[in-house]
Every structure is written in structure tokens, then in C-alpha cells.
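Visitor: sequence first, then the predicted structure:
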Amino acid sequence: VIAAALVVQLCAVATDVLMAVAPVPVMIDGVTGARVHMLRWCEFAPLAFLMTLLTEGGDMANDPDTGVRQAYILALLQGASTTFGLIFPF
């Protein structure tokens, strides 16, 4: 759990540093006019699964039979949803 949490934090720090020191692609949302940093989506897509699994995993010990399966299914759905947001942003 600690290693996974460190991976999440290190990826967040790496994208923050890249956004601070290097030019990164930015798109303008056609509906809201907000700036969309594509590097953030590249960070969120793989980490959405891991962060959801860590969050839901806190309750796995209370229900070992269905808790593990439910945590993985919810994490997969969250990861897929975020990945589709990266592929079809607008």
C-alpha cells in the first residue's frame, strides 16, 4: 500500500515539474472555454485505477469474500472512465 501511494505521489510530482519547466500541450474546451492540460489527463488515466483501488481497499479486510472483487471492479470502471475521457476529451 505504501509503495502504491508513493507511485501516485511521484507521478504527480513528475507531472508538476514537467508543467513548470517544459512546454506542455494545452487545449481549450469548446463548451466551457476552460484550459485543459493534456499532461494531467495522461497522469489521471493510469492513476485513477490505482487511487480507487487504494481507497476501496481500505474496506477489503471487513468483507474478504466480495470486498476484493468489488474493489477491483470499481477500480477498473474508474480507470476505464478516465481513460475514455483522455481518448474522447471533446
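Guide: Thanks, I have the structure now.

Visitor: which intervals of the protein have sub-threshold pLDDT?
Guide: Within the chain, the segments meeting pLDDT under 70 span 89-90.

Visitor: at 80 what do you get?
Guide: 1, 45-46, 58-67, 86-90 (pLDDT under 80).

Visitor: tell me the secondary structure for the residue sitting furthest away from the middle of it?
Guide: The outermost residue of the chain relative to its centre, with distances by C-alpha atoms, centre = their mean, is Asp65 at 26.2 Å. Of the three states, Asp65 takes coil according to DSSP: H, G, I helix; E, B strand; the rest coil.

Visitor: contacts only, for it.
Guide: For Asp65, the contact set (C-beta atoms under 8 Å, 6 or more residues apart in numbering) is empty. C-betas here are computed from N, CA, C, even on glycine.

Visitor: for it, what are phi and psi?
Guide: Listed backbone geometry of Asp65 is phi -70, psi -60, with angles given as degrees, to the nearest 10.

Visitor: residues near Gln6, how many?
Guide: Rather than Gln, residue 6 is Leu. 10 (other C-beta atoms under 10 Å).
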